[in-house]
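>>> structure for this input, please:
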Amino acid sequence: MSGTDTIAEPAARQALPCQLDNRLFFAEQAHDIDRAKALCTDCPIRRDCLVGAIERREPWGVWGGEVFVDGVIVAHKRGRGRPRKHPLVAQQTPCRDVTAAA
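Numbers count the residues shown, from 1 in each chain. Just a heads-up that it's a prediction; the model follows:
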């Protein structure tokens, strides 16, 4: 039985970090986003969560320990306010192939 097989049980699903406070994974404040990413560190389905988010092209949120903004993984989410006139290319991280990693 693999680790993901046990996730189907309601008690195991409740133990996932994102089930405790899912609002944290869609937060605006940098410190909340960092907390959400830290909670993903030891999650048993982190890789599956990230792969699923990439496949679904999730528009925003913390998925598998990565931050998505407009469907792209970014290093840091910019706070609310007036947008930049010219986006910083260095801020965006291209999607990497997580399916090959074991």
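>>> isn't there a strand covering Arg47?
No. Looking at Arg47 with DSSP: H, G, I helix; E, B strand; the rest coil, it is helix, so not inside a strand.
>>> all further residue positions should be reported with the first residue as 57.
Taking 57 as the first residue, the last one we looked at is Arg103.
>>> check what pLDDT it gets.
Per-residue confidence (pLDDT) for Arg103: 96.
>>> could you do Pro66 as well?
pLDDT, Pro66: 49.
>>> and if you look at Ile110?
Note for Ile110: predicted pLDDT of 94.
>>> now it, what's its secondary structure?
helix.
>>> burial count for it?
By the other C-beta atoms under 10 Å criterion, the neighbourhood of Ile110 contains 20 residues. The way it works is simple: take the backbone N, C-alpha and C, and place the C-beta from them, glycine included.
>>> also Cys99?
Look at Cys99: counted by other C-beta under 10 Å, it has 17 neighbours.
>>> and Asp104, by the same measure?
Asp104 has 15 neighbours, counted by other C-beta under 10 Å.
>>> then Glu122?
Glu122 has 22 neighbours, counted by other C-beta under 10 Å.
>>> and what of Val128?
Neighbourhood size, Val128 [other C-beta under 10 Å]: 15.
>>> show me the beta-bridge partners of it.
Taking DSSP bridges as the rule, Val128 bridges to Val125.
>>> report the separation between it and Leu95.
Using C-beta to C-beta, to the nearest Å, Val128 is found at 22 Å from Leu95.
>>> so Phe124 touches Arg112, yeah?
No. If you go by C-beta atoms under 8 Å, Phe124 and Arg112 don't touch, sitting 10.0 Å apart.
>>> who has more neighbours out of the two?
Phe124 (21 against 10).
>>> per-residue confidence for that one?
At Phe124, the pLDDT value in this model is 95.
>>> which residue, other than its chain neighbours, is closest to it?
Among residues not flanking Phe124 along the chain, Glu114 sits closest, at 5.0 Å (C-beta to C-beta, 6 or more residues apart in numbering).
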